[in-house]
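Chemist: I would like the atomic coordinates for the input below:
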Amino acid sequence: MKPKVVITHWVHPEIITNLSEYCEVVANPTRETLPREEILQLAQDAEALMVFMPDQIDEAFLKACPKLKIIAGALKGYDNFDVDACTRQGVWFTIVPSLLAVPTAELTIGLIIGLARQMLPGDRLIRQGTFAGWRPHLYGVGLANRTLGIVGMGSLGQALAQRLSSFEMNLIYSDAMPLPKEKAAAWCLSQVSLDTLLATSDFVVLMVPLQPETFHLINEISLARMKPGSFLINPCRGSVVDEQAVSDALGSGHLAGYAADVFELEDWARSDRPSKIPPSLLEKQDQTFFTPHLGSAVDDLRYDIAIEASQNILQALQGHSPQGAINCQAESFSPPSKRPKDCSTKTNLY
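Modeler: Prediction:
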């Protein structure tokens, strides 16, 4: 019998066709997230699972699915998944590390320009039906000669910096790990402390993963340190910011605008995660620009991500170490000669 593979979210039909040659594939045909109980029921006798951002895997889930050999994430950030529990249960956990940086950087630039140039208020003005031609209003903020600070200079931060290097901006970044000198020079980047970045940047862009040390990195205290009238952009993880504190800073006028592609309600790993975005934040339409987690929502890219995740599944089911593995597994799943050299789950993803 073919091993059973469960795909929790919609993927291109070709992905299912490719996997079906070797596996029995059970896929979610809808564009919605299945309830955890339904996924668990489908996965109880599965050997592989392809998961996505809205999913959550913990030890209880793994114990209820004793045949699982691999959980393949069609994603890069994995804070909703207990990788250590996977390791204890002898289950591979894989990610797709290198395909999401460029589209996320592209979307981030769109958020920056859309927010600073008041594109959404302009769109609403047109749709009201009262537009009669140019008038001297909706003056925004340009990018040239402004200072933009990037918090986190991993693959996401670098992809953004590379694309912004031609915008004639003063680019600075904060990260414990300095960039190679040749990259910093090519992109005209200067490394500064986080406090300096917050105090001097006209635009602050967050490019860090959600970890204990980055939870609510932007809070009431750090917002107060930001340059008055500056803009905050969050395309990384919702809980890196305290959304209510951001709303308060917008209300006081200290923060000029906030753009985000991610929200605290998405972070399933938090037992106290909010169930909704603060209404006071949503009400500030002229100061905010929101997109529904579109960072990697490029059709051909999502196809490539699912292809890579399916390759990880096939490699694991064939007894090999999957290329995207970030943990070490039981000997029965991975011969010693094929195990990854680095078995740490604390990989630098940002």
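
Chemist: give me the low-pLDDT residue ranges for the stretch 101-250 of the chain?
Modeler: Filtered on pLDDT under 70, the stretch 101-250 of the chain yields no residues whatsoever.

Chemist: could you show me where the strands are in it, in order?
Modeler: Per DSSP state E, counting those that start in this stretch, the stretch 101-250 of the chain carries strands over the ranges 147-151, 170-174, 189-191, 203-206, 230-234.

Chemist: can you list contacts of the fourth one?
Modeler: Read that as strand 203-206. Contacts with strand 203-206, where a contact means Cβ atoms under 8 Å, 6 or more residues apart in numbering, come from 108, 112, 116, 143, 146-152, 157, 160, 197-198, 217-218, 226, 230-236, 240-241. Heads up, the C-betas are built off the backbone N, CA and C, glycines and all.

Chemist: So among these, which ones count as buried?
Modeler: For the contacts of strand 203-206, a burial check counting by 16 or more other Cβ atoms under 10 Å picks out 108, 112, 116, 143, 146-152, 157, 160, 197-198, 217-218, 226, 230-236, 240-241.

Chemist: Assumed A259 was part of a helix.
Modeler: No: using DSSP: H, G, I helix; E, B strand; the rest coil, the secondary structure at A259 is strand, not a helix.

Chemist: beta partners of it?
Modeler: Assessed by DSSP bridges, A259 has beta-bridge partners I233, F289.

Chemist: Would you mind listing the residues in contact with it?
Modeler: A259 neighbours (Cβ under 8 Å, 6+ apart): L111, I112, G114, L115, F231, L232, I233, N234, T288, F289, F290.

Chemist: Settle this for me: the second one is touching P235, isn't it.
Modeler: This means I112. No: using Cβ atoms under 8 Å, I112 is not in contact with P235, being 9.7 Å away.

Chemist: what's the longest helix along the chain packed up against?
Modeler: Criterion DSSP state H: the longest helix present in the chain is helix 299-317. Other helices and strands packing on helix 299-317, by 3 or more Cβ pairs under 8 Å, 6 or more residues apart in numbering; DSSP states H and E, are helix 13-20, strand 48-51, strand 70-73, strand 92-94.

Chemist: Between helix 13-20 and that helix, find me the angle.
Modeler: Orientation note: helix 299-317 sits at an angle of 10 degrees relative to helix 13-20 (axes from the mean of the first three to the mean of the last three Cα atoms, to 10 degrees).

Chemist: please renumber so the chain begins at 522
Modeler: Got it, the first residue is 522 from now on, which makes the last one we talked about helix 820-838.

Chemist: from the middle of its chain, how far away would helix 820-838 be?
Modeler: With Cα atoms, centre = their mean, to the nearest Å as the basis, helix 820-838 stands 18 Å off its chain's centre.

Chemist: Pull out the buried positions in that helix.
Modeler: For helix 820-838, the neighbour count (16+ other Cβ under 10 Å) marks 823, 826-838 as buried.

Chemist: What are the contacting residues of stretch 643-657?
Modeler: L659, Q806.

Chemist: Quote the end-to-end distance of that stretch.
Modeler: 12 Å (Cα to Cα, to the nearest Å).

Chemist: go on, stretch 523-538?
Modeler: Across stretch 523-538, first to last residue, Cα to Cα, it's 14 Å.

Chemist: Rounded mean pLDDT for it, please.
Modeler: Here stretch 523-538 scores 98 as its mean pLDDT.

Chemist: follow-up on the earlier one: and of the helices and strands packed on helix 820-838, who's closest to V527?
Modeler: Closest approach to V527 among those (Cβ to Cβ): strand 569-572, 5.1 Å.

Chemist: The closest one: partners in the sheet, and parallel or antiparallel?
Modeler: Its sheet considered, strand 569-572 pairs with strand 525-528 (parallel), strand 591-594 (parallel) by DSSP bridges.

Chemist: Return the distance of the first one from the chain's centre.
Modeler: The reference is to strand 525-528. For strand 525-528, the distance to the chain centre is 24 Å (Cα atoms, centre = their mean).

Chemist: pLDDT weak spots in the stretch 772-871 of the chain?
Modeler: Ranges of the stretch 772-871 of the chain meeting pLDDT under 70: 850-871.

Chemist: Helices of that one, residue ranges please.
Modeler: Applying DSSP state H, counting those that start in this stretch to the stretch 772-871 of the chain gives helices spanning 800-803, 820-838.

Chemist: State the distance from the residue nearest the centre of the chain to A626.
Modeler: Compute the mean C-alpha point of the chain, and by Cα atoms, centre = their mean the closest residue is C757, 4.5 Å away. Distance, C757 to A626, using Cβ to Cβ, to the nearest Å: 11 Å.

Chemist: repeat for F652
Modeler: 33 Å.

Chemist: So for these two, which sits in the more crowded spot?
Modeler: With neighbours defined as other Cβ atoms under 10 Å, F652 and A626 compare such that A626 has more, 24 against 11.

Chemist: All set, thanks.
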